[in-house]
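*Asks:* output the structure for:
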Amino acid sequence: MPLSSFLPGFSAAPPRYAGISEPSVYATLAHATDPDAHKGTADPNEALDAGEGLAPTAQQFDYVICGGGTAGCVLASRLTEDPNVSVLLIEAGESDQKVLFSRVPAGWANLFKTPADWAFSTVPQPELSNRSLFQPRGKMLGGSSAMNAQIYQHCSREDYDAWEASGATGWGWLDLKPYFAKAEGFTPSAAHKIDESMRGKEGVWKTGYPSTSPVVAAWVKSGPACGVAHNPDLNIETNPNGITRFQATVDSKGQRSSTSAAYLPPSVYTRRNLSILTSTRCSKLLLGPDQDGQQRCVGVELQQERNGKTFVAHAKHDVILSLGAFGTPQLLLCSGIGAKDKLDAVGVVPKLDLPGVGEGLKDHFLAGIFFRAKNGTSFEFLKSQLRTIPSLIRWLMFGTGALASNLAEGGAFLRSDTIARDGSISSSATEAKGIVDFPINASGSTSADLEIIAAPVWYLNHAMTPPPVPSADYFTMASTILKPFSTGTVGIRTGNVWDEPLIDPRYLSDERDQKVLLAGLHFLRRLSQTAPLADLITGVDLPTGGMQGFLDATDDELLQHSRETAETIYHPFSTARIGDRTKGGVVDPDLHVYGTTNLRICDASVFPDAVSGHPQAAVVAVAEKFADMLKGERSVRNAAGATARL
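*Replies:* Now for the predicted structure:
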């Protein structure tokens with residue numbers, strides 16, 4: 001929900017970047033006292049010259065990382081722990097620490113359609129009334145970890161074991177489990193009792209329990225009466241399901257802990273062996289022949305504006321793509337890596353025929369119901385200029401209150417095939433006899449394929465469409481597909497990365513997804529009538545027809561409402577996935593792009609399939625593991641070199 005534009009020093013105008021506008025008075029003060037706001041440089045000559053003395057030749061680095069987002073910041077930090085390793089991190093945006101709405105946990109929707117957002121859109125979706133859906137992605141250091149709802153969730157161990165079974169050797173749960181713990185620095189909460197021995201304590205990425213609204217607190221308490229057990233910690237491997245108040249990547253001061261803030265503090269980004277180049281796009285990968293018919297990525301072309309001057313960064317060892325599930329396939333395709341026929345169609349000279357690039361897109365997807373709530377129980381008041389002032393003071397002084405909420409506060413994780421048509425929960429699909437009458441995942445799996453997410457705000461059209469009564473309190477519940485059967489693509493219009501990629505998720509194109517979505521709406525309809533939540537809900541404003549209209553709505557009416565209002569929940573995956581090349585895989589288990597010797601990928605695009613929850617923790621765990629893999633490879637090279645010199 002966009003916060004009030006009145007917030008002193010937190011103007012809802014576009015973020016104050018150097019070269020875009022003069023900073024506000026508050027922002028100037030914040031930047032002067034916070035060195036993180038100045039991390040990186042937008043001067044290519046300065047960044048590239050930093051390679052001199054650190055690598056064999058000027059403008060050459062051991063590793064060139066394309067994308068300073070969720071994974072890229074982790075890799076840059078871990079790889080430069082060795083002072084003899086030089087790294088160039090390239091980011092299209094600026095430092096997230098310059099963007100005050102990124103630092104305020106409740107401020108994330110204010111970042112949409114600003115310079116801190118790629119602000120992509122899908123092609124028109126036939127099953128969604130031919131709408132083109134907004135696809136926000138973080139365009140700053142920290143990437144989407146700097147603009148998401150901060151939910152911290154490991155997801156199910158079955159997700160990762162299924163990856164390994166599909167051919168992603170070394171990426172099972174037991175392989176990744178240590179890296180979730182390594183990354184995390186959990187802050188205990190007296191209000192939320194959990195088994196802290198199961199959580200990471202020493203990691204740089206801070207997690208904890210943010211502030212919670214009265215309406216979501218009541219929502220969590222209502223779950224057990226509807227057959228969904230309360231689970232205070234979804235991140236215990238033996239039980240990832242249930243209803244909960246989410247943990248979030250918020251630090252002890254009540255500020256967002258993005259991977260930029262966590263992994264690139266001043267002690268890291270000032271390392272002499274780390275160069276961070278901001279406001280710069282990777283425009284093309286430079287490929288050349290290597291041994292055994294493989295291609296070698298010798299470097300990356302860089303630009304700071306369309307048709308602008310081109311700079312080149314060379315890699316001694318690896319070029320790593322961490323541009324996300326949209327950006328990574330786009331750069332590959334623009335560089336001539338992809339299906340030959342598709343490259344020919346847009347005038348890109350094929351360099352490497354790899355048909356899986358951009359294929360297999362999965363995305364989590366939701367349809368919301370928008371409830372009216374009792375006055376004082378939601379955080380809708382944050383839109384009010386006058387009523388926001390006490391919350392701002394409280395957040396600035398104590399890091400608590402409504403502004404310290406991540407807004408996407410509650411989640412319930414369950415299996416859609418256990419939901420009966422009246423919304424009740426049964427012990428099995430056989431007993432439920434609900435609308436989901438097909439297998440939802442592998443035999444014997446207990447993973448959730450459905451989430452009900454709860455937020456103490458009106459959240460229609462990414463909070464960009466205002467509520468019908470601005471002074472009222474609102475509460476949103478949404479049915480969310482976690483294991484979509486519908487599969488889409490990411491393509492290109494031209495060979496120029498300055499043109500937006502073609503994103504086609506094909507939402508609801510598989511009829512099974514429609515049934516899963518409806519099952520979730522059946523359940524949340526029942527939940528809305530269950531105390532204590534029911535005592536705080538006073539009506540329904542959308543779909544139209546009021547509460548009784550919602551209770552009486554047919555499946556066709558609910559589905560039509562979904563077609564007209566449903567949106568992404570911002571979790572694209574699998575567009576350059578680990579897997580067999582002959583079956584659409586793009587990278588091997590070592591994250592090498594097939595057909596290359598040193599081009600690697602590390603972001604959510606390599607996920608073999610969607611995870612059953614919010615994925616940012618999985619992205620960080622994958623990056624932590626990959627950093628260790630690269631360190632191991634370097635040790636082998638060094639040992640081989642030492643032997644050769646004997």
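*Asks:* can we go C-alpha only for contacts and neighbour counts from here?
*Replies:* Noted.
*Asks:* just the helices in the stretch 1-150 of the chain please.
*Replies:* 25-33, 44-49, 70-79, 100-103 (DSSP state H, counting those that start in this stretch).
*Asks:* those helices: lowest mean pLDDT?
*Replies:* Ranked by mean pLDDT, these end with helix 25-33 at the bottom, a mean of 29.
*Asks:* tell me where the stretch 501-646 of the chain has strands.
*Replies:* 502-504, 537-542, 567-573, 599-601 (DSSP state E, counting those that start in this stretch).
*Asks:* other SSEs contacting the last one?
*Replies:* On a contact count with 3 or more C-alpha pairs under 8 Å, 6 or more residues apart in numbering; DSSP states H and E, strand 599-601 meets strand 311-321.
*Asks:* could you list the paired strands of the strand it packs on along with their orientation?
*Replies:* Under the criterion DSSP bridges, strand 311-321 sits next to strand 60-66 (parallel), strand 295-303 (antiparallel), strand 599-601 (parallel) in its sheet.
*Asks:* so where is the stretch 351-500 of the chain shaky, pLDDT-wise?
*Replies:* Within the stretch 351-500 of the chain, the segments meeting pLDDT under 70 span 443.
*Asks:* ranges for the helices of it?
*Replies:* With DSSP H, counting those that start in this stretch as the criterion, the stretch 351-500 of the chain has helices at 385-398, 429-432.
*Asks:* in CSV, list the strands of the stretch 501-646 of the chain along with mean neighbour count.
*Replies:* Compiled in CSV, these are given as follows (neighbours: other C-alpha atoms under 10 Å):
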stretch, mean neighbour count
strand 502-504, 21
strand 537-542, 20
strand 567-573, 22
strand 599-601, 25
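*Asks:* and the ones you listed: which comes nearest T476?
*Replies:* T476 lies closest to strand 537-542 among the strands of the stretch 501-646 of the chain, at 9.8 Å (C-alpha to C-alpha).
*Asks:* parallel or antiparallel, which strands does that closest one pair with?
*Replies:* Take DSSP bridges as the rule and strand 537-542 pairs in its sheet with strand 359-373 (antiparallel).
*Asks:* quick one: the strand it pairs with to strand 567-573, angle?
*Replies:* 150 degrees (axes from the mean of the first three to the mean of the last three C-alpha atoms, to 10 degrees).
*Asks:* might you report the residue contacts of the closest residue to G254 other than its chain neighbours?
*Replies:* Once flanking residues are discounted, G254 sits nearest to G399: 4.1 Å by C-alpha to C-alpha, 6 or more residues apart in numbering. Contacts for G399 (C-alpha atoms under 8 Å, 6 or more residues apart in numbering) come out as S252, K253, G254, Q255.
*Asks:* if we go to 10 Å?
*Replies:* By C-alpha atoms under 10 Å, 6 or more residues apart in numbering, G399 lies in contact with 104-105, 210-211, 250-255, 391-393, 405.
*Asks:* separation between it and D251?
*Replies:* As judged by C-alpha to C-alpha, to the nearest Å, G399 and D251 stand 9 Å apart.
*Asks:* joint contacts of these two?
*Replies:* P105, P210.
*Asks:* residue contacts, L354?
*Replies:* 332-333, 336-340, 581-582, 584-586, 593-595.
*Asks:* so which of those is the most crowded?
*Replies:* Neighbour tally across the contacts of L354 (other C-alpha atoms under 10 Å): the maximum, 34 neighbours, falls on L333.
*Asks:* G491 pairs with what?
*Replies:* Beta-bridge partners, per DSSP bridges, of G491: L502.
*Asks:* and for K309, the neighbour number?
*Replies:* K309: 10 neighbours (other C-alpha under 10 Å).
*Asks:* which residue, other than its chain neighbours, is closest to it?
*Replies:* Q303 (6.2 Å).
*Asks:* can you get me a residue count around the one you found?
*Replies:* Neighbourhood size, Q303 [other C-alpha under 10 Å]: 21.
*Asks:* and for Y263?
*Replies:* The local packing of Y263 (other C-alpha under 10 Å) involves 25 other residues.
*Asks:* give the contact list for it.
*Replies:* By C-alpha under 10 Å, 6+ apart, the neighbours of Y263 are 70, 72-78, 142, 183, 203-205, 257, 269.
*Asks:* where does pLDDT dip in the stretch 1-150 of the chain?
*Replies:* By pLDDT under 70, the low-scoring segments of the stretch 1-150 of the chain are 1-38, 42, 45-58.
*Asks:* quick one, strands of it?
*Replies:* Under DSSP E, counting those that start in this stretch, the stretch 1-150 of the chain gives strands at 60-66, 87-90, 120-121, 134-135.
*Asks:* orientation of the first one relative to helix 70-79 in degrees?
*Replies:* If you take the same axes, to 10 degrees, strand 60-66 sits at 150 degrees to helix 70-79.
*Asks:* what's across from S121 in the sheet?
*Replies:* Beta bridges link S121 to F134 when assigned by DSSP bridges.
*Asks:* what separates it from G595, distance-wise?
*Replies:* According to C-alpha to C-alpha, S121 and G595 sit 31 Å apart.
*Asks:* repeat that for Q153.
*Replies:* Separation of Q153 from G595 (C-alpha to C-alpha): 34 Å.
*Asks:* what would the contacts of G399 look like in a markdown table with distance to K177 and neighbour count?
*Replies:* As requested, the contacts of G399 are exported to a markdown table (distance: C-alpha to C-alpha, whole Å; neighbours: other C-alpha atoms under 10 Å):
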| residue | distance to K177 | neighbour count |
| --- | --- | --- |
| V104 | 29 | 23 |
| P105 | 27 | 32 |
| P210 | 24 | 29 |
| S211 | 28 | 20 |
| V250 | 21 | 29 |
| D251 | 22 | 23 |
| S252 | 24 | 19 |
| K253 | 27 | 14 |
| G254 | 27 | 26 |
| Q255 | 26 | 25 |
| S391 | 38 | 19 |
| L392 | 38 | 22 |
| I393 | 39 | 14 |
| S405 | 28 | 27 |
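*Asks:* what is the neighbour count of V64?
*Replies:* 26.
*Asks:* can I assume it is in contact with V85?
*Replies:* No - contact criterion C-alpha atoms under 10 Å: V64 and V85 do not qualify, at 11.1 Å.
*Asks:* pLDDT weak spots in the stretch 501-646 of the chain?
*Replies:* For the stretch 501-646 of the chain, counting by pLDDT under 70, the residues that fall below are 642-646.
*Asks:* show me where it has its helices.
*Replies:* 511-528, 546-552, 555-565, 616-645.
*Asks:* those: which one's closest to E158?
*Replies:* Closest to E158 of the helices of the stretch 501-646 of the chain, according to C-alpha to C-alpha: helix 616-645, at 13.0 Å.
*Asks:* which strands and helices lie in contact with the closest one?
*Replies:* Other helices and strands packing on helix 616-645, by 3 or more C-alpha pairs under 10 Å, 6 or more residues apart in numbering; DSSP states H and E, are helix 70-79, helix 173-183, strand 184-186, strand 311-321.
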